[in-house]
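[1] A predicted structure for the sequence below; I have some questions about it.
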Amino acid sequence: MSNSIAFLKGHGTENDFVIVPDPENAIDLPASAVAALCDRRAGIGGDGLLHVVRSAAHPEAKDMAAEAEWFMDYRNGDGSIAEMCGNGVRVFARYLQRAGHVTEGDLAVATRGGVKRVHLAKDGDVTVGMGKALLPEGTVTVSVGERSWPARNVNMGNPHAVAFVEDLAHAGDLYSPPPFSPASAYPDGVNVEFVVDRGPRHVALRVHERGAGETRSCGTGACAVAVATARRDGADPALTGTPATYTVDVPGGTLVITERPDGEIEMTGPAVIVAEGIIDADWLETLAR
């Protein structure tokens, strides 16, 4: 391994990421190293890490290589592996554009949640095809302190519990995962969104992301919220034949979510690369031991 490893830093509606380009999957990134890189005091700092690998070079993505050249090997800020990250996909695509691997227009990105279709627009926004939402049956409850709310179980390739509240302050500090029941609903943990109405087809959220705590934005969470809100409002594009579009305010900005009649969900929002630099490889190797 060389004495230095390139990295970049980017964010999508202030959901921020350490980006590690590694086309041939040659860099060892155990959970301890990822957590250290994402540490905001002793590392670079980020809600998660985007490991940029060619699909053909990664054992989890080889089967997707014919469809998508690049694999987003996404890690949460604590080093754990996640299936998908909607804001992360947009930033991942922006990095590929900056590095000259892709240009404006359409591309495919492999993720553990499947291949995602991405469109890089001239105005700087990035649209991601997020796939279809699954709405598991059963009642879920989430709690903060003495308060409890019924929550909609929505799966966007990763699990979400969407609770509608009167005030976003009721979500508390969101440092720790909000308790939920039954435990069997989310055996691997869950992302919890607390939602208030802002106007017609316009909502705002706060989110506890599994493995990261409260973040400034969550793309899959915004999609889950849009779907849950549409169903609460009696809107189901599969039945009406009319797309449902919601504006979703997150602490770090605004995302626009559209659910089409075929069930496919599209998310549009900004993606920004803010810095690039070098990681000391000796320091990283020490963490990997």
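    Now that the structure is in, tell me what you want to look at.

[2] so residue 161, which state does it fall into?
    Here residue 161 is recorded as strand under DSSP: H, G, I helix; E, B strand; the rest coil.

[3] surely it and residue 194 touch.
    No. At 9.7 Å, residue 161 does not count as touching residue 194 under the criterion of Cβ atoms under 8 Å. In this view, the C-beta of every residue, glycine as well, is placed from N, C-alpha and C.

[4] quick one: residues contacting the closest residue to residue 42 other than its chain neighbours.
    Leaving aside its sequence neighbours, residue 42 sits nearest to residue 36 (Cβ to Cβ, 6 or more residues apart in numbering; 6.6 Å). Taking Cβ atoms under 8 Å, 6 or more residues apart in numbering, we find residue 36 in contact with 42-43, 287.

[5] show the buried residues in those.
    Neighbour counting by 16 or more other Cβ atoms under 10 Å classes 43, 287 among those as buried.

[6] out of the contacts of residue 36, which are inside helices?
    Those of the contacts of residue 36 mapping onto helices are residue 287, per DSSP state H.

[7] quick check, nearest of the contacts of residue 36 to residue 217?
    residue 43 (20.5 Å; Cβ to Cβ).

[8] for the closest one, grab phi and psi.
    phi -130, psi -150 (degrees, to the nearest 10).

[9] what's the answer for residue 98, then?
    phi -60, psi -40.

[10] could you find the closest non-adjacent residue to it?
    Counting by Cβ to Cβ, 6+ apart, the residue nearest residue 98 is residue 273, at 5.5 Å.

[11] show me what the nearest residue to residue 186 once chain neighbours are set aside bridges to in the sheet.
    Spatial nearest neighbour of residue 186, chain neighbours left out: residue 159 (5.2 Å); criterion: Cβ to Cβ, 6+ apart. Residues in a beta bridge with residue 159, per DSSP bridges, are residue 155.

[12] for residue 140, same thing?
    residue 151.

[13] so it sits against residue 183, correct?
    No. Using Cβ under 8 Å, residue 140 is not in contact with residue 183; the gap is 10.5 Å.

[14] ok, the residue nearest to the spatial centre of the chain - contacts?
    In the chain, the residue lying closest to the centroid (Cα atoms, centre = their mean) is residue 85, at 2.2 Å. Shown in contact with residue 85 (Cβ under 8 Å, 6+ apart): 15, 48, 72, 74, 219-220.

[15] on that earlier part again, who has more neighbours, residue 140 and residue 183?
    The neighbour comparison of residue 140 against residue 183 (other Cβ atoms under 10 Å) goes to residue 140, with 21 against 8.

[16] wait, what's in contact with that one?
    Contacts for residue 140 (Cβ under 8 Å, 6+ apart) come out as 150-153, 161, 180-182, 185.

[17] mind redoing it with 7 Å?
    Residues near residue 140 by Cβ atoms under 7 Å, 6 or more residues apart in numbering: 151, 153, 161, 180, 185.

[18] tell me where the stretch 101-250 of the chain has helices.
    For the stretch 101-250 of the chain, helices defined by DSSP state H, counting those that start in this stretch occupy the ranges 219-232, 237-240.

[19] okay, those, which one's buried deepest?
    Counting by mean count of other Cβ atoms under 10 Å, helix 219-232 has the highest mean neighbour count of the helices of the stretch 101-250 of the chain, with a mean of 26.

[20] run the chain-centre distance for it.
    14 Å (Cα atoms, centre = their mean, to the nearest Å).
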